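J.: with the sequence up front, the predicted model follows.
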Amino acid sequence: MKTVEEIKAAIEAAVPGAGVEVVTNPGPAAEHSLRIGQKHAVKVAEFLRDDSELALDFLSNLTAVDWPDKEITEKVKVTREVQKPVEGGEPGQVQTVTETVEETRKRVEPGYLETVYHLYSIAKKHGPVVLRMRTGNRTDDVSMPSFTSVWRSAEFQEREAFDLYGIVYTGHPDLRRILMWDEFKDHPMRKDYVEPDDYEYEPTAHDHVLERAKQHLSMEQPVAGGAE
């Protein structure tokens, strides 16, 4: 089978502007993957399925990853002008000099949701080819194209990722929850998901649930008498 670099080149030749990026895997398996952009994602998927050499006709697995916002600390060199006493000069005499100093700065790298696809060829008996596609963020830009029209096996798996991670697959024929009930709030596989004290389907709470609810209640209630 072709290498990921060769597959990348083949995609870019067949689908101009596809925006393919090789993502290397530093682990022992060295199972490198291809990250594709959303704009031409369906055309890329159709090419991978229909190309006579690749013939990736089977999507075996589709899963999702939640990448929260990440605070990054980095050292940067900053050039600035400072006032310094003139060496050997009169008292109070200063001069402006330029100096370069190293400062530590923090920045937040916005998070996103990502779908990972494992593709195989039943006809050619090779694979996997691993694809990745990400959303714009984790809040109000959480959609990406559905691959159900290309690989039928994507239908239920995209529903699962929608249910548990909140990724909205545009063009999916029946995008609704598949594991959690319709009234369930939030997405339980998100890394910032907070489990509720109790669930709608369980009106009689167990002892450990009651204890957790009491702890939350005590934190919410103001201290009697207020601050001294």
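T.: Thanks, I have the structure now.
J.: please name the nearest non-neighbouring residue to G171.
T.: Among residues not flanking G171 along the chain, S146 sits closest, at 4.2 Å (C-beta to C-beta, 6 or more residues apart in numbering). Just so you know, the C-beta spots here come from the backbone N, C-alpha and C atoms, and that holds for glycine as well.
J.: ugh, typo on my part, it should be A30
T.: Per C-beta to C-beta, 6+ apart, closest to A30 is T24, 7.9 Å.
J.: what's the neighbour count on the residue nearest to G171?
T.: 21 (other C-beta atoms under 10 Å).
J.: which ones are touching it?
T.: With contacts defined as C-beta atoms under 8 Å, 6 or more residues apart in numbering, the neighbours of S146 are 154, 158, 169-172, 175.
J.: please apply the same query to I11.
T.: Residues in contact with I11, defined by C-beta under 8 Å, 6+ apart, are 18, 20, 34, 36, 44, 47-48.
J.: try it again with 6 Å
T.: By C-beta atoms under 6 Å, 6 or more residues apart in numbering, the residues touching I11 are 18, 20, 44.
J.: distance check, the second one against M133.
T.: So that's V20. Applying C-beta to C-beta, to the nearest Å, one obtains 11 Å for the distance of V20 from M133.
J.: which residues are in contact with each of those two?
T.: The contact sets of V20 and M133 overlap at I36 (C-beta under 6 Å, 6+ apart).
J.: circling back: can you select the buried ones from the contacts of S146 in PyMOL?
T.: Selection of the buried residues among the contacts of S146 in PyMOL, burial being defined by 16 or more other C-beta atoms under 10 Å:
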select buried, resi 154+158+169+172+175
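J.: list the buried residues in the lengthiest helix in the chain.
T.: Using DSSP state H to define each element, the chain has its longest helix at helix 207-220. Neighbour-count burial for helix 207-220, counted by 16+ other C-beta under 10 Å, picks out 209, 212.
J.: mean confidence score for it?
T.: For helix 207-220, mean pLDDT is 71.
J.: sounds good, over and out.
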